[in-house]
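Asker: Give me a 3D structure for the following:
(one chain, ligands or ions: 1)
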Amino acid sequence: MPTDFDVVVVGGGAAGIAAAVGAAQTGATVCVIEQYGFLGGAATNSSVLTHCGFFDQTGTQVVAGVGQQVLDRLDERNLYHTQTIAETGNTVVLLDLETTKSVYDRVLREAGVTLLLHSRLVSATTDADRVTEVEVVHRGGHRRITAKAFVDCSGDGVLIAEAGAEMLLSEPDERQACTLVMRAGDVAADADLSQEGMAAAVDKYRAATGHTLVRDSGIAVRMPVSREIMLLLADQHRDVLDVDELTEAELRARELSWRYLDAFRRFLPGWENAYLASTGPQIGIREARRLAGRDTVRAEDVSAGRRREHDAIARCGWPMEKHVAPGVTEYGGIRDKGWYHIPHGAICSASTDNLWAGGRLVSSDNAAYASLRVMGTSFATGHACGVAAAAYAGTGEHDYFAVRRELDRQKALI
Ligand SMILES: Cc1cc2nc3c(=O)[nH]c(=O)nc-3n(C[C@H](O)[C@H](O)[C@H](O)COP(=O)(O)OP(=O)(O)OC[C@H]3O[C@@H](n4cnc5c(N)ncnc54)[C@H](O)[C@@H]3O)c2cc1C
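Answerer: Coordinates of the predicted model:
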């Protein structure tokens with residue numbers, strides 16, 4: 001196996017997939033390091049089975065490029081389903097979990113990317129202001145991998161931290177809450193999925209058992225293929241970078257999942273035979289570290305729908321959606337329900353010359369982060385990271401215009 005590449009990408013979620021494919025499509029040699037045995041990130045490791053951010057709130061598509069390649073593969077299997085929420089105008093792409101894993105495998109394989117599954121990044125070596133090597137641990141031992149350019153798409157900023165790159169990190173109580181997403185099977189076709197129905201059931205459960213659940217209601221979506229219901233209810237607000245806190249979050253959220261199931265089976269019409277089909281394999285983490293970039297997206301850029309002439313690399317059309325505490329979400333819109341640009345500098349490390357970060361690591365303030373972290377946008381920012389890293393691997397230069405030309409060639413929407 002080769003151990004030297006033009007570009008190494010850490011993490012195989014939406015951003016990492018797009019980074020790897022985008023880089024490989026320039027002709028670069030690319031390696032993706034993923035700690036689980038499958039690709040997909042939060043979609044497949046936390047059952048977050050709705051892609052937000054492909055469309056703005058007017059219904060205009062704002063992400064294409066590698067993201068579009070994924071949508072096309074879903075379409076080939078007749079599994080490209082969208083749903084628009086009437087009250088907000090938000091359009092999501094509904095996913096089937098196993099189809100999604102298989103589509104991602106295919107998109108990566110077709111691009112000729114080297115993939116290391118069950119491989120966890122544990123350390124990085126730097127020389128002056130550059131990363132030179134990363135170390136991964138796998139079932140059989142350790143492997144050291146060198147590259148000219150590195151992209152952190154780990155969601156948690158593992159490479160940023162290991163490389164000692166500058167980062168942004170809010171205090172634990174200012175970060176967004178986590179949720180252990182539940183999937184429930186055998187829920188009747190006409191079952192009550194309404195917020196009011198859930199709240200009434202949780203209230204009756206409290207009266208009957210004395211147990212107060214963390215939130216009264218949450219998102220309930222019926223998934224394609226399995227017809228299971230995806231439920232976002234079991235919230236925990238803890239420091240996910242502290243192993244004791246994260247362990248406690250998993251245990252408490254799992255216990256909560258069973259309580260919600262019990263409440264709905266007893267008090268929500270159509271849920272009498274429901275069972276807990278799945279949780280995890282890990283609690284959904286909304287926020288940990290972020291890159292400190294050469295530029296930073298701010299709340300005012302989002303609300304103004306700011307367009308950029310000379311440094312744009314992606315569009316984001318998802319409004320600010322901040323889960324400030326269990327069951328408490330703050331919203332903030334984009335001007336005219338449209339989209340704003342994400343700048344090149346927000347994916348380039350301020351301190352480490354050959355390091356980029358995409359997806360939920362893009363340099364942003366807390367409020368802007370609540371908008372650009374979604375998966376559709378992660379495809380777009382990951383794609384730009386991959387193309388930028390590959391361009392740098394070829395020339396040793398940061399050349400925005402070369403990146404832009406290549407993103408246009410790869411049909412990204414900018
Ligand atoms: C509960 C919840 C609900 C959400 N709802 C939605 C929604 O409905 N729609 C939407 O679009 N977004 C939603 N989001 C946000 C979205 O899921 C994430 O922001 C998005 O997945 C970010 O993509 P990413 O590729 O940056 O990171 P991730 O999807 O987190 O992927 C990171 C990848 O890196 C891997 N990794 C991490 N550390 C290492 C390591 N040390 N070594 C190797 N690999 C590593 C992980 O295993 C993972 O595969 C939700 C998030 C949560 C938590």
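
Asker: Whichever residue of the stretch 251-400 of the chain sits closest to the ligand and residue 156, how far apart?
Answerer: The nearest approach of the stretch 251-400 of the chain to the ligand comes at residue 359, 2.0 Å away (CB to the nearest ligand atom). C-beta: built from backbone N, CA, C; applies to glycine. To residue 156, residue 359 is 11 Å away according to CB to CB, to the nearest Å.

Asker: what do you get for residue 290?
Answerer: Relative to residue 156, residue 290 is positioned 10 Å away (CB to CB).

Asker: Domain map for the protein?
Answerer: What automatic domain parsing lists as the domains of the chain is 4-172+289-409, 178-279.

Asker: if we can go back for a sec, look at residue 290 and residue 156 and report which has more neighbours.
Answerer: Legend: neighbour count by other CB atoms under 10 Å for residue 290 and residue 156, higher for residue 290 (25 against 19).

Asker: follow-up on the earlier one: for the residue of the stretch 251-400 of the chain closest to the ligand, phi and psi?
Answerer: Backbone torsions of residue 359, given as degrees, to the nearest 10, read phi 70, psi -130.

Asker: That one: what's its closest spatial neighbour, skipping adjacent residues?
Answerer: Of all residues not flanking residue 359 in the chain, residue 15 sits nearest, at 2.8 Å (CB to CB, 6 or more residues apart in numbering).

Asker: so who does that neighbour touch?
Answerer: By CB atoms under 8 Å, 6 or more residues apart in numbering, the residues touching residue 15 are 41, 153, 155, 358, 359, 360, 361, 378, 379, 381, 382, 385.

Asker: Recalculate using a threshold of 7 Å.
Answerer: The contact partners of residue 15, by CB atoms under 7 Å, 6 or more residues apart in numbering, come to 153, 358, 359, 378, 381, 382.

Asker: before we move on, what about residue 270?
Answerer: 187, 188, 190, 191, 192.

Asker: who wins for neighbours among those residues?
Answerer: When neighbours are counted by other CB under 10 Å, residue 187 leads these with 25 neighbours.

Asker: Now do the nearest residue in space to residue 333 that is not next to it in sequence: how many residues are near it, please.
Answerer: Distances taken as CB to CB, 6+ apart place residue 319 nearest to residue 333, at 4.9 Å, with adjacent residues excluded. Close neighbours of residue 319, defined as other CB under 10 Å, add up to 21.

Asker: Would you mind listing what in the protein touches the ligand?
Answerer: Residues of the chain that fall close to the ligand, judged by CB under 6 Å from any ligand atom: 10-16, 33-36, 41-42, 45-46, 48, 50-53, 120-121, 153-156, 158, 179, 181, 232, 284-286, 359-360, 373-376, 378.

Asker: what do you get if the cut-off is 5 Å, keeping everything else the same?
Answerer: For the chain, the contact set with the ligand under CB under 5 Å from any ligand atom comprises 11-15, 33-36, 41-42, 48, 50, 52, 120-121, 154-155, 158, 179, 284, 286, 359-360, 373-375, 378.

Asker: and which of the contacts of residue 270 is nearest the ligand?
Answerer: The ligand has its nearest neighbour among these in residue 187, at 18.9 Å by CB to the nearest ligand atom.

Asker: That closest one: which element?
Answerer: Under the criterion DSSP states H and E, no helix or strand holds residue 187.

Asker: mind checking how far it is from residue 181?
Answerer: Counting by CB to CB, the gap from residue 187 to residue 181 is 15 Å.

Asker: Next, check the contacts of residue 15 against the helices and list the overlap.
Answerer: 378, 381, 382 (DSSP state H).

Asker: could you dump those to a markdown table with neighbour count and pLDDT?
Answerer: Output for those, formatted as a markdown table (neighbours: other CB atoms under 10 Å; pLDDT from 0 to 100):
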| residue | neighbour count | pLDDT |
| --- | --- | --- |
| 378 | 34 | 99 |
| 381 | 31 | 99 |
| 382 | 38 | 99 |
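
Asker: now, which of these sits nearest residue 114?
Answerer: Set against residue 114, the nearest of the ones in helices among the contacts of residue 15 by CB to CB is residue 382 (17.1 Å).

Asker: For the stretch 151-300 of the chain, which segments count as helices?
Answerer: 158-162, 195-209, 243-267, 299-303 (DSSP state H, counting those that start in this stretch).

Asker: can you redo these as TSV with mean neighbour count and mean pLDDT?
Answerer: Formatted as TSV, those follow (neighbours: other CB under 10 Å; pLDDT from 0 to 100):
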stretch	mean neighbour count	mean pLDDT
helix 158-162	24	98
helix 195-209	16	97
helix 243-267	17	98
helix 299-303	20	98
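
Asker: Serialize the ones you listed to a markdown table and add fields for distance to residue 225.
Answerer: Putting the helices of the stretch 151-300 of the chain into a markdown table (distance: least, CB to CB, whole Å) gives the following:
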| stretch | distance to residue 225 |
| --- | --- |
| helix 158-162 | 32 |
| helix 195-209 | 24 |
| helix 243-267 | 21 |
| helix 299-303 | 34 |
